[in-house]
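> heads up, no residue letters with this:
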């Protein structure tokens with residue numbers, strides 16, 4: 001067998017001679033595996049040469065020749081080695097300013113018959129190469145399903161470094177691209193003008209996505225895609241829970257609040273508040289024109305014409321500056337009498353500020369609410385001490401959230417503990433009407449005769465300690481019958497819990 005001679009010719013660059021000898025061998029015994037194997041490596045050498053020369057036609061010609069050999073599955077070495085050259089050619093094709101995706105399709109259609117090692121570094125190279133053009137390649141879903149999302153290497157789950165930059169893990173990128181394609185929908189007409197979301201595929205994919213999200217919370221954008229898929233399925237019960245972790249991380253990005261508005265489309269007040277929040281964030285105006293237009297319609301529907309005119313003028317200014325077309329809806333609005341008569345302002349910042357709190361509270365809907373009592377107020381520093389029971393108590397800053405607080409007020413709060421000294425960050429605060437039917441275990445009322453020990457300025461009613469200032473403010477004397485309000489309080493000097501009167 002001329003295997004040695006063919007290899008030497010191939011390695012010395014005498015590819016035409018190597019090909020002639022390999023052809024001769026194969027023609028003599030067409031079914032002999034050695035003849036097929038020898039010529040496959042010559043085709044590979046041509047393949048590599050054409051990649052280096054960026055000769056796509058020559059590359060495809062030799063890729064087809066490898067396919068036609070119909071090599072058995074155990075011949076994985078030629079396929080795995082070829083995968084690196086396929087990857088190199090695809091990266092070259094997709095690095096051009098105008099990408100010819102018909103060439104990407106040609107490559108995919110050929111290699112579907114190849115037998116690669118799964119998983120392997122070479123197989124992952126194929127995914128990297130095809131994923132590079134996923135955004136604009138219409139067959140990425142088909143490719144991913146052929147490749148098999150269960151075939152990632154261990155290293156594919158890790159971030160990469162390139163030229164000193166941290167790059168997302170391959171798995172993160174692929175799951176993101178696949179999700180986006182599912183959300184966009186697949187073409188259902190010959191012209192590619194109509195897309196439809198394949199809900200069955202979405203349902204099948206979600207458990208895989210959930211596992212990746214659970215194992216890799218550092219893949220930041222996957223919860224966002226999950227939320228969008230749930231919206232496409234009409235599953236609004238779970239969408240907020242899926243989206244909240246992402247929304248908290250990206251709460252300063254306007255488009256996060258655009259999705260929040262979509263989630264709460266059936267609650268017009270929340271939808272409105274979310275758009276206010278989106279537009280209140282620092283964002284270049286050219287990025288906001290679509291959001292502004294949706295919000296402008298909401299303002300028009302509410303007959304808030306001055307605010308609507310402000311938004312519309314900002315949209316027009318950006319579009320004129322960029323040389324972009326002004327949509328028909330905008331033109332129609334500007335011709336209405338309300339638009340002509342309305343007095344717009346420079347911006348709607350003050351208007352947004354009136355509504356954003358309602359939107360911001362959505363970020364914490366997954367956290368439990370607690371009913372707590374105000375135990376102490378430092379109005380100069382806007383700090384209060386609170387107590388729910390002996391296990392849940394501490395202090396927090398309430399600036400800008402509630403006003404005119406006093407001891408004994410009841411608050412419905414969501415709090416985040418900071419450190420271990422009792423300080424909390426207030427996420428949401430609602431002051432409750434004291435006439436409402438609320439019961440807090442840290443508050444109680446009782447009646448009885450006050451016992452003021454001789455020579456002391458404090459007193460007791462049963463187990464309730466009455467501080468000197470309460471006695472003095474109410475001119476109380478020993479044995480006076482009083483009705484007192486008390487709050488659960490920790491006595492630092494005695495290191496124990498007890499009841500303290502605060503109002504008679």
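Okay, I see it. Keep in mind it's a predicted model, so treat the numbers as computed, not measured.
> domain assignment for the protein?
Annotated domains of the chain cover 3-247, 251-361, 367-438, 442-504 [automatic domain parsing].
> quick one: terminal-to-terminal distance for the first one?
Between the opening and closing residues of domain 3-247 there is a gap of 62 Å (CA to CA, to the nearest Å).
> residue 487: which element?
Assessed by DSSP states H and E, residue 487 sits inside strand 481-491.
> I should have written residue 174 there, sorry.
Going by DSSP H and E, residue 174 is part of helix 170-184.
> in that helix, which residues are buried?
Judged by neighbour count (16 or more other CB atoms under 10 Å), helix 170-184 contains these buried residues: 170, 171, 172, 173, 174, 175, 176, 177, 178, 179, 181, 182. No exception for glycine: its C-beta is placed from N, CA and C like everyone else's.
> any low-confidence regions in the chain?
When residues are selected by pLDDT under 70, those of the chain lie in 1, 189-193, 434-436.
> need the distance between the two termini of stretch 217-226.
Stretch 217-226 has an end-to-end distance of 13 Å (criterion: CA to CA).
> give the buried residues for it.
Those buried within stretch 217-226 under the rule 16+ other CB under 10 Å are 219, 221, 222, 223, 224, 225, 226.
> of all the residues you listed, which comes closest to residue 428?
Nearest to residue 428 among these is residue 223, at 21.4 Å by CB to CB.
> from residue 203, how far out is that closest one?
Taking CB to CB, to the nearest Å as the measure, residue 223 and residue 203 are separated by 18 Å.
> check which element follows the helix or strand hosting residue 316 along the chain.
Counting by DSSP H and E, the element that carries residue 316 is helix 305-322. Going down the chain from helix 305-322, the next helix or strand is helix 328-334, by DSSP H and E.
> can you list contacts of the helix or strand that comes right after that next one?
On the C-terminal side of helix 328-334, the closest following helix or strand by DSSP H and E is helix 337-341. Identification of contacts with helix 337-341 by CB atoms under 8 Å, 6 or more residues apart in numbering yields 300, 303, 305, 308, 309, 312, 333.
> select only the buried ones of those in PyMOL?
Applying 16+ other CB under 10 Å to these leaves a buried subset, and the PyMOL line that selects it is:
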select buried, resi 300+305+308+309+312+333
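> could you dump the contacts of helix 337-341 into a markdown table with distance to residue 239 added?
What follows is those, written out as a markdown table (distance: CB to CB, whole Å):
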| residue | distance to residue 239 |
| --- | --- |
| 300 | 28 |
| 303 | 31 |
| 305 | 33 |
| 308 | 29 |
| 309 | 34 |
| 312 | 31 |
| 333 | 32 |
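> hang on, the earlier thing: could you dump the buried residues of stretch 217-226 to CSV with secondary structure?
CSV is the format used below for the buried residues of stretch 217-226 (DSSP: H, G, I helix; E, B strand; the rest coil):
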residue, secondary structure
219, coil
221, coil
222, helix
223, helix
224, helix
225, helix
226, helix
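> which one of the residues you listed sits closest to residue 469?
Relative to residue 469, the closest of these is residue 223; by CB to CB it sits at 51.8 Å.
> does that closest one really touch residue 243, like I thought?
Yes: using CB atoms under 8 Å, residue 223 is in contact with residue 243, at 6.1 Å.
> how far away is residue 212 from residue 178?
Note on residue 212: its distance to residue 178, by CB to CB, is 11 Å.
> ok, now residue 355?
In this structure, residue 355 and residue 178 are 36 Å apart, going by CB to CB.
> how close does residue 150 sit to residue 156?
As judged by CB to CB, residue 150 and residue 156 stand 12 Å apart.
> looking at the two, which one has more neighbours?
Ranked by neighbour count (other CB atoms under 10 Å), residue 150 and residue 156 place residue 156 first, with 20 against 8.
> doesn't residue 171 make contact with the more buried one?
Yes: the pair residue 156 / residue 171 is scored as a contact, 5.2 Å apart, by CB under 8 Å.
> helices along the stretch 401-504 of the chain, start to end?
468-473 (DSSP state H, counting those that start in this stretch).
> hey, where'd the strands end up in it?
Counting by DSSP state E, counting those that start in this stretch, one finds strands in the stretch 401-504 of the chain at the ranges 410-417, 423-431, 443-449, 459-461, 464-466, 481-491, 496-503.
> the second one packs against which elements?
In terms of contact count using 3 or more CB pairs under 8 Å, 6 or more residues apart in numbering; DSSP states H and E, strand 423-431 is assigned the packing partners strand 393-397, strand 410-417.
> which positions within that strand qualify as buried?
424, 426, 427, 428, 429, 431.
> which one of the strands of the stretch 401-504 of the chain lies nearest to residue 82?
Residue 82 lies closest to strand 410-417 among the strands of the stretch 401-504 of the chain, at 54.4 Å (CB to CB).
> got the angle for that closest one vs strand 423-431?
Relative orientation of strand 410-417 versus strand 423-431 (axes from the mean of the first three to the mean of the last three CA atoms, to 10 degrees): 150 degrees.
> ok, residue 87 - how many residues close by?
Neighbourhood size, residue 87 [other CB under 10 Å]: 20.
> distance of the most far-flung residue of the chain relative to its centre relative to residue 329?
Centroid-distance maximum for the chain: residue 454 at 66.5 Å, with CA atoms, centre = their mean. Per CB to CB, residue 454 is found 83 Å from residue 329.
> ok so, going back, got the strands of the stretch 401-504 of the chain as a markdown table, with distance to residue 389 columns?
Shown next, in a markdown table, are the strands of the stretch 401-504 of the chain (distance: least, CB to CB, whole Å):
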| stretch | distance to residue 389 |
| --- | --- |
| strand 410-417 | 14 |
| strand 423-431 | 15 |
| strand 443-449 | 11 |
| strand 459-461 | 22 |
| strand 464-466 | 17 |
| strand 481-491 | 7 |
| strand 496-503 | 9 |
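> looking at these, spot the one closest to residue 292.
With CB to CB as the criterion, residue 292 lies closest to strand 423-431 of the strands of the stretch 401-504 of the chain, at 27.9 Å.
> distance between the closest one and the chain's centre?
The chain centroid and the centroid of strand 423-431 are separated by 25 Å, computed with CA atoms, centre = their mean, to the nearest Å.
> tell me the strands beside that strand, with direction?
Here strand 423-431 has these sheet partners by DSSP bridges: strand 393-397 (parallel), strand 410-417 (antiparallel).
> what lies in contact with the first one?
The one in question is strand 393-397. The contact list for strand 393-397, computed with CB under 8 Å, 6+ apart, reads 372, 375-376, 381-387, 415, 417, 422-426, 490.
> I'd like to know how many residues surround the nearest residue to residue 173 once chain neighbours are set aside.
Closest residue to residue 173 apart from its sequence neighbours, by CB to CB, 6 or more residues apart in numbering: residue 131 at 5.9 Å. Per other CB under 10 Å, the neighbour tally for residue 131 reads 22.
> what do you get for residue 142?
Neighbour count of residue 142, defined by other CB under 10 Å: 15.
> quick one: secondary structure of it?
State at residue 142, reduced to three classes by three-state DSSP: helix.
> closest to residue 113 among the buried residues of strand 423-431?
If you rank the buried residues of strand 423-431 by distance to residue 113 using CB to CB, residue 427 comes first, at 56.8 Å.
> which residues touch that closest one?
361, 363, 364, 367, 413, 414, 415, 416.
> which elements pack onto the strand or helix carrying residue 200?
Element membership for residue 200, per DSSP H and E: helix 199-215. Counting contacts by 3+ CB pairs under 8 Å, 6+ apart, helix 199-215 is packed against helix 170-184, helix 222-233.
> perfect, that will be all.
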